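requesting a structural model of the entry that follows:
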Amino acid sequence: MTQKTHALLEILEVQPVMPVVAVESAADGVKLARALAAGGLPAIEVTLRTPAALDAIRAISAEVPEAICGAGTILTPRQFDEAVEAGSRFIVSPGTTHEVLDAAKSSDVPLLPGAATPSELMAMIEEGYEILKFFPAEQLGGIPYLKSLAPVFPKIRFCPTGGVSPSNVGDYLALPNVICVGGSWVAPKDMVAEGRFDTITQLAREASALRAR
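Just a heads-up that it's a prediction; the model follows:
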């Protein structure tokens, strides 16, 4: 197991749920990261889906030392480098390309790459990856699909994201090949917009109490 795999494990094993968020301003990002960390979810994936994402990552990294801020929706090597420069502690991509893998090889920041098909998993194993993002989880087959992969790829562990919710999160976490899940329900956009960060902290506290059965 590589040093970067160990570093990624230390992040993902901290909590059963990884908040996946899109923020509209750096200020919102800072408040959100503080609220989530206060509820027991210090690791947070800020997706590059808004113009404010990199500024938010930069601000969280500088102002919220209790948070472990990563960048998600990384699609290109340039985005990878920009996210690292902004202070991201880990990088998440929905899928995988050779170019993104090459960027990861030249960086000390660990990558959580997306993969789903048996061929993609075999390719990731050849590249030395054992921890993968599974996205969009529900649309790709969800829990039954992950169950079918487990005996064929016993060393691979997943962070399923996409369609994971309070109603099914326990079933995902019960799978032996799931290390944690990604979810947006702990930080709803309307709550962020309305400044209901105390409620977000409570949602995070409930999520952080979840454990694999």
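
low-confidence regions, this structure specifically.
When residues are selected by pLDDT under 70, those of the chain lie in 1, 212-213.

the strand or helix carrying Gln79: which residues count as buried?
Per DSSP states H and E: Gln79 is located in helix 77-86. By neighbour count with 16 or more other Cβ atoms under 10 Å, helix 77-86 contains the buried residues Pro77, Gln79, Phe80, Asp81, Glu82, Ala83, Val84, Ala86. In short, each C-beta sits where N, CA and C put it, glycine included.

nearest residue to the fifth one in space, ignoring adjacent ones along the chain?
When the adjacent residues along the chain are set aside, Glu82 lies closest to Leu54, with 5.9 Å between them (Cβ to Cβ, 6 or more residues apart in numbering).

how much space between the one you found and Ala137?
From Leu54 across to Ala137, the span is 26 Å (Cβ to Cβ, to the nearest Å).

more neighbours: these two, which one.
The residue with more neighbours, out of Leu54 and Ala137, is Ala137; 25 against 20, by other Cβ atoms under 10 Å.

from what I can see the more buried one touches Pro160, true?
Yes: between Ala137 and Pro160 a contact is recorded at 3.7 Å, counting by Cβ atoms under 8 Å.

Leu112 against Phe135, yeah?
No: contact criterion Cβ under 8 Å: Leu112 and Phe135 do not qualify, at 10.3 Å.

mind listing residues that contact the helix holding Gln79?
For helix 77-86, contacts defined as Cβ atoms under 8 Å, 6 or more residues apart in numbering pick out 48, 54-55, 57-58, 61, 71, 74, 91, 99-100, 102-104, 107, 109, 111.

which members of those residues are positioned in strands?
Ala71, Ile91, Leu111 (DSSP state E).

out of those, which one sits closest to Trp185?
Ranked by distance to Trp185 (Cβ to Cβ), those are led by Ala71 at 20.4 Å.

what separation do you get for the closest one and Ile60?
From Ala71 to Ile60 the distance is 10 Å (Cβ to Cβ).

shared neighbours, these two?
Going by Cβ under 8 Å, 6+ apart, residues that sit against Ala71 and also against Ile60 are Val46.

picking that back up, just the CA atoms of the helix holding Gln79, as PDB, please.
Provided in PDB are the C-alpha atoms of helix 77-86 (Å, rounded to 0.1, in the frame of the first residue of the first chain):
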ATOM      1  CA  PRO A  77      -5.100  18.000 -14.800                       C
ATOM      2  CA  ARG A  78      -5.400  21.800 -14.700                       C
ATOM      3  CA  GLN A  79      -8.300  21.600 -12.200                       C
ATOM      4  CA  PHE A  80      -6.200  19.100 -10.200                       C
ATOM      5  CA  ASP A  81      -3.300  21.500 -10.000                       C
ATOM      6  CA  GLU A  82      -5.500  24.500  -9.200                       C
ATOM      7  CA  ALA A  83      -7.200  22.600  -6.400                       C
ATOM      8  CA  VAL A  84      -3.900  21.500  -4.900                       C
ATOM      9  CA  GLU A  85      -2.600  25.100  -5.100                       C
ATOM     10  CA  ALA A  86      -5.800  26.300  -3.300                       C
END
